[in-house]
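Colleague: Provided below are the primary sequence and the corresponding predicted coordinates.
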Amino acid sequence: MNSGKQFFTALEALRGVAAVMVIFRHTEGALGPISPNISYLAVDLFFLLSGVVLANSYEKRLLAGEISPAGFLLQRVIRLYPLYLLSLPIGLVSYALQIGLDYPTLTGLLLKGILFIPSMSAGSLFPFNAPSWSLFFELWAGVVFSALLIRLSLRSLLAIALATTGMAMYGALLEGNLDIGFQPSYFIFGFSRVLFSFSLGICLYRLHDLQKPTLVIKGNIVGLFLCICLIFITGISASTFFGFPYFDFFICLVVFPAIVWLAMRTEQTGLVELIFRWLGRLSYPIYILHGPIFSLLYSLRRKGFELPASPAAGMVVVVAIFILAGIAATGFDEPVRKKLKRMVGPNPASAVPAVNSAKAG
């Protein structure tokens with residue numbers, strides 16, 4: 001195996017597009033009535049991409065002992081926590097508007113949020129930032145990856161993927177689709193949901209690393225085409241296949257891996273490369289900030305504030321989220337992470353590159 005880390009620009013774009021599709025699922029009426037679609041599968045794409053990117057960035061380092069599982073987890077916390085903590089005050093205000101100034105409840109939920117402990121008594125695992133449930137499961141998958149999955153063969157990883165697919169299938173049949181894991185009642189299925197996609201992502205990386213497939217021609221066009229395909233797929237109405245979750249699993253087990261595999265064989269140049277890199281750079285800030293913002297707007301409306309709820313007004317909010325995501329990424333998240341990495345130094349073995357990660361749901 002080649003020890004060099006690769007950078008897959010098209011994967012950054014897929015992550016960014018998936019984050020944008022998640023936004024339109026969680027608008028809380030700001031864009032007017034929107035028919036639910038299957039953009040909840042963007043979470044499964046995030047898990048798949050995380051398997052690819054984390055294996056690319058860390059697997060050889062972990063196997064060589066250049067970084068310990070504890071050091072890996074610390075890197076993941078540094079990558080994910082600053083923006084997550086930044087989102088909590090917004091979520092706190094939103095939740096307080098909904099339930100009132102119940103200080104004991106709010107304090108308890110805030111403490112759980114800071115410690116990243118799921119809440120089983122609320123309607124959401126993380127009531128101050130509902131989409132962050134996927135971060136919890138991704139961190140858990142990272143622990144399993146650093147301690148166990150890196151040592152397993154390709155065949156064993158595929159077996160784990162198939163076994164956990166069966167577990168997730170059971171939950172999906174109960175719910176009607178794969179939109180599970182974020183509810184306290186379906187909490188246990190979050191583990192199987194992350195693990196089957198995450199394991200497949202590791203497999204894709206290993207196959208790519210072994211085979212070194214030739215790049216496809218016209219990488220800019222192919223990359224853009226794959227992004228359009230992702231928009232089309234996640235835009236399918238959720239009612240079309242509700243009650244038939246096998247379609248969701250077809251997308252996650254066949255279509256998404258095919259898209260990612262092809263994306264890994266492309267290179268972008270010029271303006272397309274710049275856009276793709278920025279989509280990846282903004283994907284996590286968009287994902288982690290949009291939920292509390294839309295939730296706050298919804299809470300204000302319920303309190304009698306006459307905020308406009310129309311496609312035009314909603315798009316203004318979406319554009320504002322993009323701008324805030326850019327400011328948060330460049331003015332807060334990236335500088336904070338650099339300082340934290342210097343603080344956990346000077347061991348160069350732990351100073352590995354950060355990996356972008358956006359999650360949905």
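Modeller: Looks like it came in fine. Just so you know, these numbers come straight off a predicted model, no measurement behind them.

Colleague: let me know the secondary structure of the residue lying farthest from the centre of the chain.
Modeller: Distance from the C-alpha centroid of the chain, by Cα atoms, centre = their mean, peaks at residue 304 (33.2 Å). Secondary structure for residue 304, judged by DSSP: H, G, I helix; E, B strand; the rest coil, is coil.

Colleague: tell me the pLDDT at it?
Modeller: Here the pLDDT value assigned to residue 304 is 84.

Colleague: for it, what are phi and psi?
Modeller: With angles defined as degrees, to the nearest 10, residue 304 sits at phi 100, psi 0.

Colleague: how near is it to residue 320?
Modeller: According to Cβ to Cβ, to the nearest Å, residue 304 and residue 320 sit 22 Å apart. From N, CA and C alone the C-beta is placed, and that goes for glycine too.

Colleague: just residue 73 next, same as before
Modeller: Residue 73 is 34 Å from residue 320, where distance means Cβ to Cβ.

Colleague: the more surrounded of those two?
Modeller: residue 73 (16 against 11; other Cβ atoms under 10 Å).

Colleague: name the element the more buried one belongs to?
Modeller: helix 69-99 (DSSP states H and E).

Colleague: skip the chain neighbours and tell me the closest residue to residue 76.
Modeller: Once flanking residues are discounted, residue 76 sits nearest to residue 142: 5.1 Å by Cβ to Cβ, 6 or more residues apart in numbering.

Colleague: what strand or helix carries the one you found?
Modeller: Element membership of residue 142, judged by DSSP H and E, is helix 133-147.

Colleague: quick one, that helix and helix 69-99 angle?
Modeller: 170 degrees (axes from the mean of the first three to the mean of the last three Cα atoms, to 10 degrees).

Colleague: what helices and strands are in contact with helix 133-147?
Modeller: If you count contacts as 3 or more Cβ pairs under 8 Å, 6 or more residues apart in numbering; DSSP states H and E, helix 133-147 packs onto helix 42-54, helix 69-99, helix 187-211.

Colleague: next, the angle from the helix or strand that contains residue 167 to helix 133-147.
Modeller: Using DSSP H and E, residue 167 sits within helix 154-175. Relative orientation of helix 154-175 versus helix 133-147 (the same axes, to 10 degrees): 160 degrees.

Colleague: buried sites along helix 154-175?
Modeller: Within helix 154-175, the residues that qualify as buried are 157, 160-161, 164-165, 167-169, 171-172, 175, counting by 16 or more other Cβ atoms under 10 Å.

Colleague: how near is residue 56 to residue 38?
Modeller: From residue 56 to residue 38 the distance is 27 Å (Cβ to Cβ).

Colleague: please point out which parts of the helix or strand just after the helix holding residue 73 sit buried.
Modeller: Next in sequence after helix 69-99, counting helices and strands by DSSP H and E, comes helix 103-115. For helix 103-115, the neighbour count (16+ other Cβ under 10 Å) marks 105-106, 109-110, 112-113 as buried.

Colleague: can I get helix 103-115 as CSV, trimmed to CA atoms?
Modeller: Only the C-alpha atoms of helix 103-115 are listed here, as CSV (Å, rounded to 0.1, in the frame of the first residue of the first chain):
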residue,chain,number,x,y,z
TYR,A,103,-33.8,26.6,34.5
PRO,A,104,-33.2,23.1,35.9
THR,A,105,-34.3,21.5,32.6
LEU,A,106,-32.3,23.9,30.4
THR,A,107,-29.2,23.5,32.6
GLY,A,108,-29.4,19.8,32.5
LEU,A,109,-29.8,19.7,28.7
LEU,A,110,-27.0,22.3,28.2
LEU,A,111,-24.7,20.2,30.4
LYS,A,112,-25.6,17.1,28.3
GLY,A,113,-25.0,19.0,25.1
ILE,A,114,-21.6,20.2,26.2
LEU,A,115,-20.6,16.7,27.2
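
Colleague: helices or strands next to it in the packing?
Modeller: Counting contacts by 3+ Cβ pairs under 8 Å, 6+ apart, helix 103-115 is packed against helix 69-99.

Colleague: using the three-state scheme, assign residue 179.
Modeller: Per three-state DSSP, residue 179 ends up coil.

Colleague: tell me how far it lies from residue 39.
Modeller: 10 Å.

Colleague: and the two? which has more neighbours close in?
Modeller: The neighbour count for residue 179 versus residue 39, taken as other Cβ under 10 Å, is higher for residue 39 (26 against 23).

Colleague: looks like that one contacts residue 27 (just checking).
Modeller: No - under the criterion of Cβ atoms under 8 Å, residue 39 makes no contact with residue 27, lying 11.2 Å away.

Colleague: which stretches of this protein have low pLDDT?
Modeller: Within the chain, the stretches with pLDDT under 70 are 1-4, 346-361.

Colleague: quick revisit: ok, residues contacting the helix holding residue 167?
Modeller: Helix 154-175 is contacted by residues 149, 152, 178, 180-181, 186, 188-189, 191-193, 195-196, 199-200, 202-203, 206-207, 245, 248-249, 253 when judged by Cβ atoms under 8 Å, 6 or more residues apart in numbering.

Colleague: just the buried residues out of these, in PyMOL syntax.
Modeller: Restricted to buried positions by 16+ other Cβ under 10 Å, the PyMOL selection for the contacts of helix 154-175 reads:
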select buried, resi 149+178+180+181+186+189+191+192+193+195+196+199+200+202+203+206+245+248+249+253
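
Colleague: give me the buried positions along stretch 326-336.
Modeller: Neighbour-count burial for stretch 326-336 [16+ other Cβ under 10 Å]: 328-329, 333, 336.

Colleague: again, but for stretch 331-350
Modeller: Quick answer for stretch 331-350 (16+ other Cβ under 10 Å): 333, 336-337, 340-341, 350.
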